[in-house]
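S.K.: need a structure here:
(4 chains)
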Number of protein chains: 2
Amino acid sequence: MTAVNEAVQEGGGRPSARARRAHGERTRQAILEAAVDIASEEGLEGLTIGRLASELSMSKSGLFAHFGSKEELQLATVEAARAVFVREVVGPAFEAEEGLARLWSLCDVWLAYVRREVFRGGCFFAAAAAEFDGRPGAVRDRVAEIMKEWLALLRRSVSEAQAAGQLGREADPAQLAFELNALEMGANWAFQLHGDRQAFARARLGVLERLRRVATPDGLPLLPAPGRAKGRAPRGGSKT
Amino acid sequence: MTAVNEAVQEGGGRPSARARRAHGERTRQAILEAAVDIASEEGLEGLTIGRLASELSMSKSGLFAHFGSKEELQLATVEAARAVFVREVVGPAFEAEEGLARLWSLCDVWLAYVRREVFRGGCFFAAAAAEFDGRPGAVRDRVAEIMKEWLALLRRSVSEAQAAGQLGREADPAQLAFELNALEMGANWAFQLHGDRQAFARARLGVLERLRRVATPDGLPLLPAPGRAKGRAPRGGSKT
DNA sequence: TGTCAAAACGAACGTTCGTGCTATATTAGG
DNA sequence: CCTAATATAGCACGAACGTTCGTTTTGACA
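M.R.: Have a look, this model is predicted:
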């Protein structure tokens, strides 16, 4: 974990010896950018050093020198993916006002994050979680931690919506967060495996109905009108 | 696919030349049994021939001869897992009467199938789908096909419940099937990644509420009473 | 009991994996 | 200009991968 902290360490670093060679840091960043893309498609284990090196036209050893081991590379990749996720999902969703609007925004932006293929292989963490849930180690721990953060964020948003009187007190935040997350990941699964774009509309509808059911009269106007999907609305066609 | 069919072929085979050496078939079965366990934990790619051979105390080459290639081994493993799934989930659920009772049974038995750890790594197909959704090939196609079967089964059960007047006509079978499946896979995800057994109760509750909302007065008595979990009821303790 | 195909084996192939060691460009401070 | 630190390259390693080959064991039937 100390290694992780060192790897993640960014922002206000000491420029004395660390950033003297800023070139190295830029290379490292470029490596991680490619790593995140590969890993989201082929998995963090399928992310091979040789593959990554040839993708960037550099030598294995030159690339390898930036990370002490493959596990460090994986951890750094996870961290880079987290940064992307925060930038692409959490950030935009937080432009909505605290409460039900933000809760809805989190769900909505998340679906867009998968549909827009921010990562080529769908949600990076859904893939990483499935890959590592059976192998103990630092990578698994970090991935689990990050997904716990996300779930906690959903839960907190539910609570805030309740505090604002937009969601009924009878709703269990943890239960609601679980269900919302499940619907979203269900859409990710259907899209990745079947290429089913309808799944986004289904997840959206499911989330919306679920929220509307526990919304108070104060909260209801904060949700989009029913019966109409935002991006692509599937008209008829519910042929078995 | 022909290879798969041949691989799966069982039951009433011609004993003339095929079953003369029945020993080979038994060995093959033992291999697949172990393969399914390993693959559900380490993935179908992590399922290595050397690892599998040493697990069974046989030579790599002897084992390999049963399948012509690694891909054939993976396909046979998927087929074996499907057989287990049918035996452990579909079969038991079909003891319930057609209609809402069976639909509920499918969901309930599925959750038990994950909780009982029929496969050590959780739902075999959820894991395989996540692993292969980004790599074209026969394995991916077969896994997608099987999961489509499952979703179609849920959808058909919804329709049958509607036909029996136990679920309202206003419910979209495909939408409902999507949501039920998502909740179930959400429980699998939470259990595998966080070891969270509460997830089963949450998924159960979510499914139940979702079904109860579209159930007709005729259908309602077919669902378990609310507020009480069947297998293991988590009493207190919802500590974050 | 001798035959013969199925089944299992042992050894090796060529490749790729992660990981070290050593050397060479590149660059900033003295 | 020299020097020290950094970044990248070159090369080789041991292990594991899937796969092939030729051989040996085995067991049912003539």
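S.K.: Closest to the centroid, which residue in chain A?
M.R.: Within chain A, one residue has its C-alpha closest to the average C-alpha position: by Cα atoms, centre = their mean, that is residue A:85, at 4.7 Å.
S.K.: All the helices of chain A, in order from the start?
M.R.: A:2-8, A:22-46, A:49-55, A:60-64, A:70-85, A:91-93, A:100-115, A:124-132, A:138-163, A:173-194, A:198-214 (DSSP state H).
S.K.: possible to save those as TSV with distance to DNA strand D and mean pLDDT?
M.R.: From N, CA and C alone the C-beta is placed, and that goes for glycine too. Formatted as TSV, the helices of chain A follow (distance: least, Cβ to the nearest atom of the strand, whole Å; pLDDT from 0 to 100):
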stretch	distance to DNA strand D	mean pLDDT
helix A:2-8	14	32
helix A:22-46	2	84
helix A:49-55	7	89
helix A:60-64	3	86
helix A:70-85	11	94
helix A:91-93	29	98
helix A:100-115	31	98
helix A:124-132	16	95
helix A:138-163	19	97
helix A:173-194	23	98
helix A:198-214	32	98
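S.K.: can you tell me which of these comes nearest to residue B:37?
M.R.: helix A:124-132 (17.2 Å; Cβ to Cβ).
S.K.: Briefly note if the closest one comes near DNA strand C.
M.R.: No. Using Cβ under 7 Å from any atom of the strand, we find that helix A:124-132 stays clear of DNA strand C, coming within 13.7 Å at best.
S.K.: the inter-axis angle of that helix versus helix A:100-115?
M.R.: 70 degrees (axes from the mean of the first three to the mean of the last three Cα atoms, to 10 degrees).
S.K.: quick one, helix A:124-132 and helix A:70-85 angle?
M.R.: Using the same axes, to 10 degrees: helix A:124-132 against helix A:70-85 is 150 degrees.
S.K.: can you dump the C-alpha coordinates of helix A:124-132 into PDB?
M.R.: C-alpha atoms of helix A:124-132 as PDB (Å, rounded to 0.1, in the frame of the first residue of the first chain):
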ATOM      1  CA  PHE A 124     -13.500  -0.100 -16.200                       C
ATOM      2  CA  PHE A 125     -14.300  -1.100 -12.600                       C
ATOM      3  CA  ALA A 126     -17.100  -3.500 -13.400                       C
ATOM      4  CA  ALA A 127     -14.600  -5.300 -15.600                       C
ATOM      5  CA  ALA A 128     -11.800  -5.100 -13.000                       C
ATOM      6  CA  ALA A 129     -14.100  -6.300 -10.200                       C
ATOM      7  CA  ALA A 130     -15.200  -9.300 -12.100                       C
ATOM      8  CA  GLU A 131     -11.600 -10.200 -13.000                       C
ATOM      9  CA  PHE A 132     -10.100  -9.800  -9.600                       C
END
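S.K.: contacting residues for the closest residue to residue A:92 other than its chain neighbours?
M.R.: Leaving out its chain neighbours, the residue that sits closest to residue A:92 by Cβ to Cβ, 6 or more residues apart in numbering or on different chains is residue A:109, at 5.2 Å. By Cβ atoms under 8 Å, 6 or more residues apart in numbering or on different chains, the residues touching residue A:109 are A:88, A:89, A:92, A:93.
S.K.: Look at residue A:149 and say how many residues are nearby.
M.R.: A count of neighbours around residue A:149, defined by other Cβ atoms under 10 Å in any protein chain shown, yields 15.
S.K.: Likewise for residue A:36?
M.R.: Neighbours of residue A:36 (other Cβ under 10 Å): 25.
S.K.: Next: the one 5 residues further on.
M.R.: For residue A:41, the neighbour count with other Cβ under 10 Å is 18.
S.K.: try residue A:180
M.R.: 26.
S.K.: and if you look at residue A:154?
M.R.: 23.
S.K.: Nearest residue to it in space, please, no chain neighbours.
M.R.: residue A:177 (3.9 Å).
S.K.: From residue A:159, how far off is that neighbour?
M.R.: 10 Å (Cβ to Cβ, to the nearest Å).
S.K.: Name the residue in these two with the higher neighbour count.
M.R.: Neighbours per residue (other Cβ under 10 Å) separate residue A:177 from residue A:159, with residue A:177 holding more: 23 against 17.
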